[in-house]
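Asks: Here's a sequence, model it:
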Amino acid sequence: MAILFLAGAGFSQTLEEISQKEEELRKVRKELAESRRKAKELEGEESSILEKLDQLDVQLELNRKLLKKLKEKEKRKISEISHVESKIGTTENKLAIRQTILANRLRAIYKHGSVHPMELILTAKSFPDMVTKTKYLMLIAEQDARLKAKIENDKEELVDQGTRLSRDLSELRSTRVENETEVKNLDRDKEKREVLLEDVRKKKKNQEELAQELVKSEAKLQSLIDELIRKRAEEARRQGRDVLPKDATFSRRRGTLIWPVKGDVVSSFGTKKHPKYGTSTLNNGIDIKAPKGKRVLAVADGQVAFADRFLGYGQVIIIDHGGGYYSLYAHLSSILVDVGDSVRERDIIGQVGDSGSLEGPQLHFEIREQGRPADPAIWLN
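Replies: Numbering: from 1, shown residues only. Have a look, this model is predicted:
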C-alpha cells in the first residue's frame, strides 16, 4: 500500500507539473498575440523608431520563449507516447497469454466434456470425496470467471490506451505544426528588425530622429534613477539611518571593479558624433561587444533596484551598491534576478543580448555616482 501511495503521489506530481507547463504555454501564447496586436497598431500610427524597435524586441523575445515551450511540449509528448506504446505492448502480451490459457481450457472442455453436478454425486466413492470434487469444480469455475474478466479488462485497457495514444499523436502533430509556424514568424520578425535598423543607418532623417529619441530616453532613465535614489533616501530616513553612509565600500573600489563581461569596448563614455551625418549622441556608459547569451556578472555587492524593460535600453538591471552608487546593465537577452534580490560580486545576473541595441549583441554598462553618470573605464580593473 505504501508503494502504491508513493507511486500515486509521484503520478499526481507529474500531472501537476504538466498542467503548470501547459498554463505557462497558454500564457506565452496570449502575451505574444497581444504583442502582435500592439505591433499592428503601431504600424498604423506615427510611432518612434525606439518604440518600433522595442515592440519587435518584445515579439522576438516572446517568440523565442514560445518556441522553447513548444520544444519542451514536443519532448514531453514523445515521452508520453513512448510510455503509452510500452503499456499497450505489455497489455497486448498479457491479453495474448490469457487468451492462450482460455483457448487451452476450452479445448480441454471440448475434448473431455464438462462435468455435470449429478455426475459428481453418482461417481463419488464417499461423501467427503463428493465434497472435495465439488470444491475443485467451484475453484475451476471461479478461475475461469476471473480469467474471462481479466481478458475483458485487458481489452478495455487497450481501447483506453489506444484512445490516449491517438490523442497524444494528434497533439504532437499540432505542436510540430505550431512550432514550424512560429519559426517562420521568428524569421519574419528578425527580418523586420534588420530592415528597420538598415533604414536608420542609411537615412539622415532617421539618424536625426533617433538622436532626439535617445536624448529623451536618457532623460527618462535619469528620472528613474533619481526616483530610486529618492526612495532609498526616504527608506533611510524612516529607519533613522544616514542617507549616504560614510562607510560605503563602493566609493573605495575605483579602478578595482571586475568587468561585467569580457569583450571589446566598441563605444566609450562621452559624446559621440556620427561620421557621416554629424548627429551627436551622448553615451553615459560604455558598450562592450560580446556573444549573445554570455553571462553578465554583478561588478560589486548590492541590491537589485530595477529589473525590467526600458525604452531605448532593452532589458535592464540596475543594482544599488549603497552610498549613492549604482551600476546599470542594458541590452540583456535575459534577466536572472528580481527586484529586491541581494547580489554578491561575480554573481550571474543576466545574459548579453541585443534588446534595444542598434549594433547587435553587446552590453551597455554604466556607473552612477549620486545619480550622475561616471566613466566606467576609471572604475574597472
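Asks: mind checking how far the closest residue to Ser48 other than its chain neighbours is from Glu51?
Replies: Take Ser48 and drop its neighbours on the chain: the residue closest to it by Cβ to Cβ, 6 or more residues apart in numbering is Glu213, 5.2 Å away. C-betas here are computed from N, CA, C, even on glycine. Distance, Glu213 to Glu51, by Cβ to Cβ, to the nearest Å: 9 Å.
Asks: And for Lys231?
Replies: 27 Å.
Asks: do the same with Ala290
Replies: 26 Å.
Asks: More neighbours: those two, which one.
Replies: The residue with more neighbours, out of Ala290 and Glu51, is Ala290; 22 against 16, by other Cβ atoms under 10 Å.
Asks: Isn't the more buried one up against Val265?
Replies: No. Look at Ala290 against Val265 with Cβ atoms under 8 Å: they stay out of range, at 10.6 Å.
Asks: Give me the residue ranges of the stretch 51-200 of the chain where confidence is low.
Replies: Scanning the stretch 51-200 of the chain for pLDDT under 70 picks out 109-127, 129-141.
Asks: Start from the N-terminal end of it and give the helices.
Replies: With DSSP state H, counting those that start in this stretch, the ranges of helices along the stretch 51-200 of the chain come out as 117-123, 127-202.
Asks: tell me the most buried of those helices?
Replies: Highest mean neighbour count of the helices of the stretch 51-200 of the chain: helix 127-202, a mean of 14 (counted as mean count of other Cβ atoms under 10 Å).
Asks: Let's test this: mean pLDDT of whatever helix or strand comes next after that one, rounded?
Replies: The helix or strand immediately downstream of helix 127-202 is helix 204-238, counting by DSSP states H and E. Taken as a whole, helix 204-238 has an average pLDDT of 89.
Asks: Okay, angle between helix 204-238 and helix 127-202 too, please.
Replies: Orientation check (axes from the mean of the first three to the mean of the last three Cα atoms, to 10 degrees): helix 204-238 against helix 127-202 gives 120 degrees.
Asks: Helix 204-238: what's the following helix or strand?
Replies: strand 264-267.
Asks: isn't Leu358 right next to Glu198, touching?
Replies: No. Between Leu358 and Glu198 there is no contact under Cβ under 8 Å: 10.8 Å.
Asks: shared neighbours of these two, anything?
Replies: Here Leu358 and Glu198 have no joint contacts, going by Cβ atoms under 8 Å, 6 or more residues apart in numbering.
Asks: residues making contact with stretch 362-370?
Replies: By Cβ under 8 Å, 6+ apart, stretch 362-370 touches 225, 229, 260-261, 263, 266, 284-290, 296, 313, 324-332, 352, 354, 357, 373-376, 379.
Asks: now do 6 Å
Replies: 225, 260-261, 284-290, 324-328, 330-331, 352, 374, 376, 379 (Cβ atoms under 6 Å, 6 or more residues apart in numbering).
Asks: Stretch 341-361 now?
Replies: 57, 261, 290, 292-298, 300-304, 312-315, 317, 331-337, 363.
Asks: ok, of the residues you listed, which come out buried?
Replies: Buried subset of the contacts of stretch 341-361 (neighbour count, 16 or more other Cβ atoms under 10 Å): 57, 261, 290, 294-298, 300-302, 304, 312-315, 317, 331-337, 363.
Asks: In helices only, show me these.
Replies: Per DSSP state H, helices hold the following members of those: Asp57.
Asks: mind listing which of the buried ones among the contacts of stretch 341-361 are in strands?
Replies: Here DSSP state E is the test, and those give 295-297, 302, 304, 314-315, 317, 331-335, 363 as lying in strands.
Asks: and of these, the nearest to Arg252?
Replies: Relative to Arg252, the closest of these is Gly302; by Cβ to Cβ it sits at 14.5 Å.
Asks: got the contact list for the closest one?
Replies: Contacts of Gly302 (Cβ under 6 Å, 6+ apart): 319-321, 343.
Asks: Show me what it is bridged to.
Replies: Using DSSP bridges, the bridge partners assigned to Gly302 are Val343.
Asks: Quick check: it vs Leu186, distance?
Replies: 35 Å.
Asks: Over to Gln362?
Replies: 21 Å.
Asks: do the same with Ala219
Replies: The value you get for Ala219 to Leu186, if Cβ to Cβ is used, is 33 Å.
Asks: Over to Gly340?
Replies: According to Cβ to Cβ, Gly340 and Leu186 sit 33 Å apart.
Asks: How about Glu180?
Replies: 11 Å.
Asks: With Gly240 instead?
Replies: Applying Cβ to Cβ, the value for Gly240 to Leu186 is 53 Å.
Asks: swap in Lys150?
Replies: The separation that Lys150 has from Leu186, given Cβ to Cβ, amounts to 52 Å.
Asks: Report the contact partners of the closest residue in space to Lys262 that isn't next to it in sequence.
Replies: Excluding the flanking residues, the one nearest Lys262 by Cβ to Cβ, 6+ apart is Ala290, at 6.9 Å. Contacts for Ala290 (Cβ under 6 Å, 6+ apart) come out as 261, 263, 352, 363.
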